[in-house]
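Student: model the structure of this input:
(one chain, ligands or ions: 1)
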Amino acid sequence: MGPRDGLQNIPDTVPPDVKLGLIDRLQATGLSYIEVAAFVSPKAVPQMADAQAVCAGLKRRPGVSYAALAPNVQGLERALACGIDELGLFTAASETFSQHNTRCTIDESLQRAAAIAAPARAAGVRLRGYVSCVLGCPYEGATDPAKVAELAAALFELGCYEVSLGDTIGVGTPGKARALLSRVRQALPTAPLALHFHDTYGQALANILACLDLGIASVDSSVAGLGGCPYAPGASGNVASEDVVYMLHGLGIETGVDLDALCAAGAYISEALGRPSGSKAGRALAARARRG
Ligand SMILES: CC(C)(COP(=O)([O-])OP(=O)([O-])OC[C@H]1O[C@@H](n2cnc3c(N)ncnc32)[C@H](O)[C@@H]1OP(=O)([O-])[O-])[C@@H](O)C(=O)NCCC(=O)NCCSC(=O)C[C@@](C)(O)CC(=O)[O-]
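Tutor: Presented below is the predicted three-dimensional model:
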């Protein structure tokens, strides 16, 4: 998620060549999915205004899928013109968040997603779904798990190959995350679900660990722990990719990702942004490398 969720909330403009430098380094790690941009309104998210330039500058590698978000047909058209591989369709399990994030109701967000889905699939673009606020909303508080299950099912109906469940503000704890996923699993026993945890309360890794045995093979993360939605006040970044990979490798789970190369990507973007990396594993491995 680094080049998209990771950067969308950064107030200073990050030039396209810095974003492309990050994408180059991420694709060298063995990652097979990189969310590179969002074809959203530049008034809503100014940092994503250069989505076209970023896509035009990609040095594509075989085996890597380059993805972007699109909230409406205008976003679809811009994305298709850029030859994007995958589009992210997004909705939220909270009416108030939906209004803040996309200026429409939840139903309208699904109608917009439906208007994108058929032409995108006809153009050979894969679809990935997102449900935001699955464990809590910054405006409405607790979320009804049944609503999350209903929205995930609706996104699969539209042809998404996978739906990502987003704890947008990072309020989830392992017990609640597991209970939510168990509830969604009742409705969608075999559906390919992904987890998307923000780490606001330091619970993201624990949440992932608590959910791994419920049929999860896909975890969203941002290198250096960057990220946050501009319409989720107080939320911090995604779980750091380096920390997730360190944990999974420690569990003996193969990811295909080179952790040292991932740490180098995290160090690159942290230096470019002039801030310390939000990844504990990234910082520890860098310190160990300096000690020799
Ligand atoms: C949905 C809208 C467009 C509605 O915004 P709106 O203002 O209601 O849209 P509109 O149709 O009335 O158009 C207003 C202006 O925006 C332009 N416009 C309209 N659409 C586009 C487009 N696609 N690309 C470029 N320009 C666009 C349109 O052309 C017009 O320009 P004007 O005539 O004023 O110059 C807006 O609210 C929006 O773009 N929202 C996206 C917000 C966003 O990107 N949020 C972050 C991503 S979601 C997230 O981070 C959560 C996630 C996925 O990571 C998971 C999790 O953590 O939970």
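Student: quick check, the host helix or strand of residue 87 touching the ligand?
Tutor: Following DSSP states H and E, one finds residue 87 within strand 86-92. Yes - judged by CB under 6 Å from any ligand atom, strand 86-92 comes into contact with the ligand at residue 90. Any C-beta I mention is one placed from the backbone N, CA and C, and that applies to glycine too.
Student: give me the contact list for stretch 30-38.
Tutor: 1-5, 8, 19, 23, 26-27, 45, 48, 50-51, 54-55, 58, 63-70, 75, 84, 86, 88, 255-258, 261-262 (CB atoms under 8 Å, 6 or more residues apart in numbering).
Student: still on that earlier bit, what packs against the next helix or strand after the strand holding residue 87?
Tutor: Using DSSP H and E, the helix or strand that directly follows strand 86-92 along the chain is helix 95-102. In terms of contacts (3 or more CB pairs under 8 Å, 6 or more residues apart in numbering; DSSP states H and E), helix 95-102 is packed against strand 86-92, helix 106-122.
Student: and these, which is most packed in?
Tutor: Highest mean neighbour count among the helices and strands packed on helix 95-102 (mean count of other CB atoms under 10 Å): strand 86-92, with a mean of 26.
Student: partners of that strand in the sheet?
Tutor: Strands that pair with strand 86-92, judged by DSSP bridges, come out as strand 65-69 (parallel), strand 126-132 (parallel).
Student: of all those, which one is nearest the ligand?
Tutor: The closest of the strands paired with strand 86-92 to the ligand is strand 126-132. By CB to the nearest ligand atom, the value is 3.2 Å.
Student: what residues does the protein put near the ligand?
Tutor: By CB under 6 Å from any ligand atom, the residues of the chain that approach the ligand are 5, 8, 38-45, 69, 71-72, 74-75, 78, 90, 101-103, 130, 132, 166, 168, 196, 229, 231.
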